[in-house]
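[1] need coordinates for the below:
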Amino acid sequence: MENRLEEFKTYLFDKERSINTVDSYARSVGVYFKRYDEVNKRNMMEFKQWQIEQWKPRTAAIRCISMNVYCDFIGHPEYKVKNVKVHNRTTLENVITMEEYQYFLECLKADGNDKLYYMIKFMAATGCRASELVRLEKKSLKTGEQALWTKGKVRKILIPCNLISESKYYFAEVESRYLFPNRYGEQMTTRGVSQQMKKYGRRYGIRDEVLHPHSFRHLFAIQFLEKNKNIALLADIMGHENMNTTAIYLRLSAEEQKKQIDNTVNW
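    Next comes the predicted model:
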């Protein structure tokens, strides 16, 4: 089975899927084969039902998509099942506030943790994903941008000049091609980014639910729209193909909606 999984990974790489997608699909196939010995229509239908009953819709959807791709890989597209429908979010939850963000930075600065300080600041000031942050190179500081292959297309990360000016002395001491390398000077993992964020965020008493890399990407989008209403520009910066994805940043969270109702309705 291990050899088959490696062949499947090669198949996905040949189709130019991202590393994260390849790993995710391979894990899903591994989950399937822990329960079933072979791939057929009956097993695929049972697998889909099992996923729907036991896991969150997004997890079930990813695993079914992964197995459908695997069916194509083994030459049996007739075994594929219909994708699990996942309702799009209409509100944005669990986003770090500006107060929490600034407090986080102040604590990191006071502790002399410059690496995590700039990791968080780069995510909040560029809107990049953790998978993109770890690939940013020092050469991007000269041009203020870096093109990265992500989610099946080339995306340009733009770095504000004031952030480059503030961080230049820190990065002058970094002996690696990457802005945020691991201890060996190689590319850091996204898991490493998340672990550092949670470790120090919990130490400073920041809400656990906002201690994830995407929280700072969301913060960037919200703050951008407060100062610049050009949603088309934001969609381009965020790398969104669909404007509806970007429009979520115009909507209030469920908690904020309730607060607005309580303050408004008095009839």
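
[2] quick one: the strands in the chain?
    In the chain, the segments counted as strands under DSSP state E are 145-150, 153-158.

[3] and those: which comes nearest Lys229?
    Judged by C-beta to C-beta, the one of the strands of the chain that comes nearest to Lys229 is strand 153-158, at 18.2 Å. Quick note: C-beta positions are derived from backbone N, CA and C, even for glycine.

[4] in the closest one, what's buried?
    When neighbours are counted by 16 or more other C-beta atoms under 10 Å, the buried residues of strand 153-158 are found to be 155, 157.

[5] quick one: residues in contact with that strand.
    Outside of strand 153-158, the residues within contact range by C-beta atoms under 8 Å, 6 or more residues apart in numbering are 126, 128, 132, 136, 140, 144-149, 237, 239.

[6] ok, stretch 165-175 next?
    By C-beta under 8 Å, 6+ apart, the residues outside stretch 165-175 that reach it are 114, 118, 121, 138, 141, 179, 181, 185.

[7] out of those residues, flag the one nearest to Arg217.
    Lys121 (12.7 Å).

[8] gap between that closest one and Lys156?
    Remark: distance between Lys121 and Lys156 (C-beta to C-beta, to the nearest Å) = 19 Å.

[9] re the thing from before, farthest-separated two in the contacts of strand 153-158?
    Comparing the members of the contacts of strand 153-158, the greatest separation, given C-beta to C-beta, is between Gly144 and Trp149, at 19.3 Å.

[10] hmm, back to that, possible to save the strands of the chain as TSV with mean pLDDT and distance to Leu233?
    Compiled in TSV, the strands of the chain are given as follows (pLDDT from 0 to 100; distance: least, C-beta to C-beta, whole Å):
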stretch	mean pLDDT	distance to Leu233
strand 145-150	84	15
strand 153-158	83	11
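
[11] as JSON lines, these with distance to Glu100 would be great.
    Formatted as JSON lines, the strands of the chain follow (distance: least, C-beta to C-beta, whole Å):
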{"stretch": "strand 145-150", "distance to Glu100": "27"}
{"stretch": "strand 153-158", "distance to Glu100": "24"}
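
[12] of all these, which one is nearest Tyr204?
    Minimum separation from Tyr204 across those (C-beta to C-beta) falls at strand 153-158, 27.2 Å.

[13] what pairs with the closest one, parallel or antiparallel?
    With DSSP bridges as the criterion, the sheet partners recorded for strand 153-158 are strand 145-150 (antiparallel).

[14] ok, back up a step: now that we have the contacts of stretch 165-175, which one has the most neighbours?
    Ranked by neighbour count under the definition other C-beta atoms under 10 Å, the contacts of stretch 165-175 are headed by Leu179 with 25 neighbours.

[15] phi, psi of that one?
    The phi and psi values for Leu179, taken as degrees, to the nearest 10, are phi -70, psi -40.

[16] for it, list the residues it contacts.
    The contact partners of Leu179, by C-beta under 8 Å, 6+ apart, come to 118, 122, 133, 136-138, 140-141, 171.

[17] over to Asn228?
    For Asn228, the residues meeting the contact criterion (C-beta under 8 Å, 6+ apart) are Leu234.

[18] pLDDT score assigned to it?
    Among the per-residue scores, Asn228 holds a pLDDT of 79.
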